[in-house]
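**Student:** from the sequence below, what's the structure:
(2 chains)
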Amino acid sequence: MDMTGEYQITAPRDVVWTALNDAEVLKACIPGCQELEKTSDTEMNAKVVLKIGPVKAKFNGEVELINIEAPASYTIQGEGSGGIAGFAKGHADVVLVEDGEGTILSFTAHANVGGKIAQLGSRLIDSTAKKLANKFFDNFHDYLSNDDSEEEEPTGQ
Amino acid sequence: MYPVKYHKATSIADAVAALSAGDDATILAGGQTLLATMKQHLADPSDLVDIRSIDGMAGVSAAGNVLTIGAATTHADVAGNADVQKLCPALAELASHIGDPAVRNMGTIGGSIANNDPAADYPAAMLALNATIVTNTREVAADDFFDGLFGTALDDGEIITAVKVTAPSKAAYAKFAQQASLFALVGVFVADGAGGVRVAVTGAGEDGVFRQSGMEAALASGWSEAALDGVAASEDGLMSDLHGSADYRAHLIGVMAKRAVAAA
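**Tutor:** Numbering: from 1, shown residues only, chains lettered A, B, ... in the order given. Predicted coordinates:
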């Protein structure tokens, strides 16, 4: 399944790019992320708890940044195993475009979920994946917006 | 199923204490979703806190035109209750068609509402009837209670104790059931009551239950099937899955809304 989205962020592109490459920021923004440990400049190990309704599954996985075109775009991809619950993998192409003082972040994401968790009803998987993708970028947007307010007066926009 | 500790709570305070003492404790209200999930090894709570035998948790009472339904009242008991049948027959009818007999005799109204499955029947009724959800700490309007896919306004450790429904002048629920699960592929609850004319849709939205404001406006100016003729349900924000595409669901919303209006 494919998902797309676009966010306006009131921070310069360099700042947004740095945040997108900061493991601490990613950890704070990935829904349910409990651990995110850098294993190289572009690779990380992640532990994520996926909670959706009654289902609670722990995923261990790897996150990698590829196709890096600093500071304009990259692809973030991940693959995780939830043991008996199944597996999840996906990637998102993230593009940053300068927009005056701010930045427009757009993404195209693709996710695959398999195993028992997918059998539980594909009626839930698509909605859940969309919800999680949007949550990540919402969190990311909020993170940068909050960070900004210390330096700049809100413009009321 | 993984090992789990079972607590039979005797009071709300007892239940709250057991919930906070457990490592990863959860409420058992009927178990018709939770136990099935645990058997699949997709949930692994440390403790189950059974709230069904707490005094006053189950049963229905009526005062004037207001029904108070205890959170641990089973679907079968709501369906068969004389007060519900008299004051809000649409709710009794809805309860009589939830799942199968096993689900109706174990599942509870509080459990269904707290779970807020995007295809469950009760959330549509609560929203359309402008019901009040009563918890151990406060009362929440249905409009403020349901919050996206499986999301609710409930805080950690907060327990639904009852729901309050004011008898509507007209109401009905029409469901197009997904045949294997008997969940709503699309369900539409229409009501003309304390909250005005309301149309709530379950089974279709990516974010769970929602109100169809276009249909509400059309029905407010004239309660008839014909009033809905010009109102097309948008497929934006609707689910697509192997049971039905978003445009199919959008079409079904129109068909089910008309059936409900005709039956009310």
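
**Student:** give me the buried positions along stretch B:17-36.
**Tutor:** B:18-19, B:22, B:25-35 (16 or more other CB atoms under 10 Å in any protein chain shown). From N, CA and C alone the C-beta is placed, and that goes for glycine too.

**Student:** for B:Ala194, grab the count of nearby residues.
**Tutor:** Counted with other CB atoms under 10 Å in any protein chain shown, the burial measure for B:Ala194 works out to 17 neighbours.

**Student:** typo on my end, it should be B:Tyr6
**Tutor:** For B:Tyr6, the count of nearby residues is 9 (other CB under 10 Å).

**Student:** quick revisit: tabulate the buried residues of stretch B:17-36 (CSV), appending pLDDT, secondary structure and distance to A:Gln34.
**Tutor:** CSV is the format used below for the buried residues of stretch B:17-36 (pLDDT from 0 to 100; DSSP: H, G, I helix; E, B strand; the rest coil; distance: CB to CB, whole Å):
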residue, pLDDT, secondary structure, distance to A:Gln34
B:Ala18, 97, helix, 25
B:Leu19, 96, helix, 22
B:Gly22, 91, coil, 19
B:Ala25, 95, strand, 19
B:Thr26, 95, strand, 19
B:Ile27, 97, strand, 24
B:Leu28, 97, strand, 26
B:Ala29, 97, coil, 28
B:Gly30, 96, coil, 31
B:Gly31, 96, coil, 28
B:Gln32, 94, coil, 30
B:Thr33, 92, coil, 25
B:Leu34, 94, helix, 23
B:Leu35, 94, helix, 26
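
**Student:** list, out of these, those positioned next to chain A.
**Tutor:** B:33-34 (CB under 8 Å from any CB of the partner chain).

**Student:** which one of the buried residues of stretch B:17-36 sits closest to B:Gly99?
**Tutor:** Closest approach between the buried residues of stretch B:17-36 and B:Gly99, by CB to CB: B:Gln32, at 7.0 Å.

**Student:** who are the contact partners of the closest residue in space to that closest one that isn't next to it in sequence?
**Tutor:** In space, B:Gln32 comes closest to B:Gly107 once its chain neighbours are excluded; the distance is 4.0 Å by CB to CB, 6 or more residues apart in numbering or on different chains. Neighbour list for B:Gly107: B:30-32, B:74-75, B:98-99 [criterion: CB atoms under 8 Å, 6 or more residues apart in numbering or on different chains].

**Student:** including distance to B:Thr10, could those residues go into a markdown table?
**Tutor:** Rendered in a markdown table, the data for those read as follows (distance: CB to CB, whole Å):
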| residue | distance to B:Thr10 |
| --- | --- |
| B:Gly30 | 18 |
| B:Gly31 | 19 |
| B:Gln32 | 23 |
| B:Thr74 | 20 |
| B:His75 | 24 |
| B:Ile98 | 28 |
| B:Gly99 | 29 |
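
**Student:** looking at those residues, point me to the pair that's furthest apart.
**Tutor:** When CB to CB is used, the two most widely separated members of the contacts of B:Gly107 are B:Gly31 and B:Ile98, lying 14.5 Å apart.

**Student:** restricting to C-alpha, output the one helix or strand A:Lys51 maps to in CSV.
**Tutor:** With elements taken from DSSP states H and E, the one containing A:Lys51 is strand A:43-52. Output of strand A:43-52 as CSV, limited to C-alpha atoms (Å, rounded to 0.1, in the frame of the first residue of the first chain):
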residue,chain,number,x,y,z
GLU,A,43,22.2,2.5,9.9
MET,A,44,20.3,2.0,13.1
ASN,A,45,18.8,-0.8,15.2
ALA,A,46,15.3,-0.1,16.4
LYS,A,47,12.9,-1.6,18.9
VAL,A,48,9.3,-0.5,18.3
VAL,A,49,6.1,-1.5,20.1
LEU,A,50,3.1,-1.4,17.8
LYS,A,51,-0.1,-1.0,19.7
ILE,A,52,-3.3,-0.9,17.8
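
**Student:** for it, which positions count as buried?
**Tutor:** Of the residues in strand A:43-52, those scored as buried under the neighbour-count criterion (16+ other CB under 10 Å) are A:44, A:46-48, A:50, A:52.

**Student:** contacts for that strand?
**Tutor:** Contacts to strand A:43-52, defined as CB under 8 Å, 6+ apart, come from residues A:23, A:26, A:30-39, A:56-65, A:78, A:80, A:82, A:88, A:124, A:128, A:132, B:149-150.

**Student:** got the residue ranges for the strands in chain B?
**Tutor:** Counting by DSSP state E, residue ranges of the strands within chain B are B:5-8, B:25-28, B:47-50, B:60-63, B:66-70, B:132-135, B:139-141, B:160-166, B:170-177, B:184-193, B:196-202, B:210-211.

**Student:** burial measure for residue 67, as a count.
**Tutor:** In the absence of a named chain, chain A is used. What A:Asn67 shows, counting by other CB under 10 Å, is a neighbour count of 12.

**Student:** wrong one, I was asking about chain B
**Tutor:** 25.

**Student:** so it touches B:Val84, yeah?
**Tutor:** Yes: B:Leu67 is within contact range of B:Val84, at 6.2 Å (criterion: CB atoms under 8 Å).

**Student:** so what sits against both of these two?
**Tutor:** By the contact definition CB under 8 Å, 6+ apart, B:Leu67 and B:Val84 are jointly contacted by B:60, B:91.

**Student:** any idea of the pLDDT on the residue nearest to B:Gln32?
**Tutor:** The confidence metric pLDDT takes the value 98 at B:Gly107.

**Student:** lowest-pLDDT helix or strand in the chain?
**Tutor:** Went with chain A since none was named. Taking all helices and strands of chain A together, the one with the lowest average confidence (mean pLDDT, DSSP states H and E) is helix A:116-119, at a mean of 73.

**Student:** chain B is the one I meant
**Tutor:** Here the helix or strand of chain B ranked lowest by mean pLDDT, DSSP H and E is helix B:34-39, holding a mean of 92.

**Student:** from the contact counts, what lies against the strand or helix carrying A:Asp138?
**Tutor:** Element membership for A:Asp138 (DSSP H and E) is helix A:122-149. Judged by 3 or more CB pairs under 8 Å, 6 or more residues apart in numbering or on different chains; DSSP states H and E, helix A:122-149 is in contact with strand A:2-9, helix A:13-20, helix A:23-29, strand A:43-52, strand A:102-114.

**Student:** pairing partners for the fourth one, with directions?
**Tutor:** For strand A:43-52, sheet partners with direction are given as strand A:33-38 (antiparallel), strand A:55-69 (antiparallel), following DSSP bridges.
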